[in-house]
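A.B. asks: please find the sequence and the predicted model below.
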Amino acid sequence: GQQVMQIPQYQHVQEGEDFTTYCNSSTTLSNIQWYKQRPGGHPVFLIQLVKSGEVKKQKRLTFQFGEAKKNSSLHITATQTTDVGTYFCAGDSGAGSYQLTFGKGTKLSVIP
Amino acid sequence: SQTIHQWPATLVQPVGSPLSLECTVEGTSNPNLYWYRQAAGRGLQLLFYSVGIGQISSEVPQNLSASRPQDRQFILSSKKLLLSDSGFYLCAWSGGGTGANVLTFGAGSRLTVL
C-alpha cells in the first residue's frame, strides 16, 4: 500500500532559526495536504498542494510539491515560539480513494 | 458554518469495560466521516471511515467498531477495552463525494485504559 515517509521525526531549533520538514510518498499523489497539531490539541489543516512543482506561501511558511508529485516540503523562516507543534503531511492517492495517508509527523520545538 | 463536536473529551476506563465515543457534525450534509487514533507521540492511524449512513469501512482489525446511525453522527465503540486501546481518538469530517478531501478534526477524546 501507499506509504508516506516524513523526516525528521523531531527538530529542536533556536527561535529565529529556519526549519524544514520533508515528506516522501512511495507512489504518485493526486494532492498533498499539511496539518499542524499544537501540543495537546488536534490537527488543523494548513494547506493543500495539487499541481506539480507548486509552491505556496503563508506568511513565514513555504510549501512545495515536487515535480513528480511524490515529495513535498514545509519550510518555516525565522521560527517563533508559536510555531511549536507537530507538522503532518498527508497524501491523497486519488483514484477514488477516501483515505489520506499521513506521515508520522515532525515535532518542532523552539527554544526561546 | 460547519462545526464538529466530539465527546467525551477525556475518559479513564478499566480493562474489559465498554466504550462509546460520539461525534456529530453540524452545518453540512452527507459528509465523509472518519475515526483516527493517535498513540502518545505518534502519527495518525485511520480506524474507520464512512461515506454514508450505515456504510462503514474498517482499516485496522481490532476490538473496536463504528456505526453511523444518522447522516451527521459517527460512533466509535468497544465491548471490552484492552490496555492497547489507550490513545487519543480523533473524529474528522470531509466534504461528501468521491475522493479524499481536506479533513476537519474534532477536539479529540483522550482515553486511558487501566
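C.D. replies: Received the coordinates, thanks.

A.B. asks: which residue does chain A bring closest to chain B?
C.D. replies: A:Lys104 (3.8 Å; C-beta to the nearest C-beta). C-betas here are computed from N, CA, C, even on glycine.

A.B. asks: does that residue touch B:Gly43 like I think?
C.D. replies: Yes: if you go by C-beta atoms under 8 Å, A:Lys104 and B:Gly43 touch, sitting 3.8 Å apart.

A.B. asks: rewinding a little: how confident was the prediction at the residue of chain A closest to chain B?
C.D. replies: Here the pLDDT value assigned to A:Lys104 is 93.

A.B. asks: list the contacts of it.
C.D. replies: The contact partners of A:Lys104, by C-beta atoms under 8 Å, 6 or more residues apart in numbering or on different chains, come to A:5-6, A:9, A:88, B:42-43.

A.B. asks: show me which of these is closest to A:Leu61.
C.D. replies: Ranked by distance to A:Leu61 (C-beta to C-beta), the contacts of A:Lys104 are led by A:Phe88 at 13.9 Å.

A.B. asks: how many residues are close by the closest one?
C.D. replies: Number of residues near A:Phe88 (other C-beta atoms under 10 Å in any protein chain shown) recorded here: 25.

A.B. asks: that one: which element?
C.D. replies: Using DSSP states H and E, A:Phe88 falls within strand A:85-92.

A.B. asks: can you give the strand pairings for that strand, parallel or anti for each?
C.D. replies: When pairing is defined by DSSP bridges, strand A:85-92 lines up against strand A:31-37 (antiparallel), strand A:100-102 (antiparallel), strand A:106-111 (antiparallel).
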